[in-house]
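> show me how the following folds:
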Amino acid sequence: RTALSSTAQAILRMSRVTLLAGIDAMFENEDGRDAGGVVKEYLTEVTTEIQELALFRVVADGTLHISENAPILLVLALGRLIGAIVAWAARRLAFGGTSSP
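Predicted coordinates for the structure are as follows:
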């Protein structure tokens, strides 16, 4: 399993509240708390995989689109993540900046 596919599977299993709680990166078979290095390594792995898979493409008008060849699991997870972020932002606007999901 790759970092990206593991993340996609985890996003699809999470509740909305858990999803909005933030990223807690942990590699298998590693002990200890993250001091920033693990999250940086994780994000580097995920972004590298996104680039290698060419999950996004820029179209003629300059907008970014999800590639037609993107694995459905990743598309669903991305949609769920973006939807949760939009819902969280709308709630903050509607209720005067509350930070709870």
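> contacts, neighbours, all on C-alpha from now
OK.
> max-length helix in this structure?
helix 72-94 (DSSP state H).
> chain center to that one: distance?
Counting by CA atoms, centre = their mean, to the nearest Å, helix 72-94 is centred 10 Å from the centre of its parent chain.
> equivalent analysis for stretch 4-13, please.
8 Å.
> sorry, back to before: so what does the longest helix of the chain touch, helix or strand wise?
On a contact count with 3 or more CA pairs under 8 Å, 6 or more residues apart in numbering; DSSP states H and E, helix 72-94 meets helix 3-13, helix 16-20.
> out of those helices, flag the one nearest residue 67.
Of all these, it is helix 3-13 that lies closest to residue 67, at 15.8 Å by CA to CA.
> got the buried residues for the helix or strand bottoming out on mean pLDDT in the chain?
Among the helices and strands of the chain, helix 16-20 carries the lowest confidence by mean pLDDT, DSSP states H and E, at a mean of 79. Residues 16, 19-20 are the ones in helix 16-20 that count as buried (16 or more other CA atoms under 10 Å).
> give the next helix or strand downstream of it.
helix 37-53 (DSSP states H and E).
> for that following helix, packing partners?
helix 3-13.
> may I see the buried residues of the helix it packs on?
Applying 16+ other CA under 10 Å to helix 3-13 flags 3-5, 7-8, 11-12 as buried.
> please apply the same query to stretch 46-61.
46, 49, 55.
> doesn't residue 6 make contact with the first one?
No. Contact criterion CA atoms under 8 Å: residue 46 and residue 6 do not qualify, at 10.0 Å.
> what residues do these two have in common as contacts?
Common neighbours of residue 46 and residue 6 are not found (criterion: CA atoms under 8 Å, 6 or more residues apart in numbering).
> which of the buried residues of helix 3-13 sits closest to residue 59?
residue 4 (23.9 Å).
> quick revisit: want to throw the buried residues of helix 16-20 into a markdown table with distance to residue 94?
Formatted as a markdown table, those follow (distance: CA to CA, whole Å):
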| residue | distance to residue 94 |
| --- | --- |
| 16 | 18 |
| 19 | 20 |
| 20 | 17 |
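> no more questions from me, cheers.
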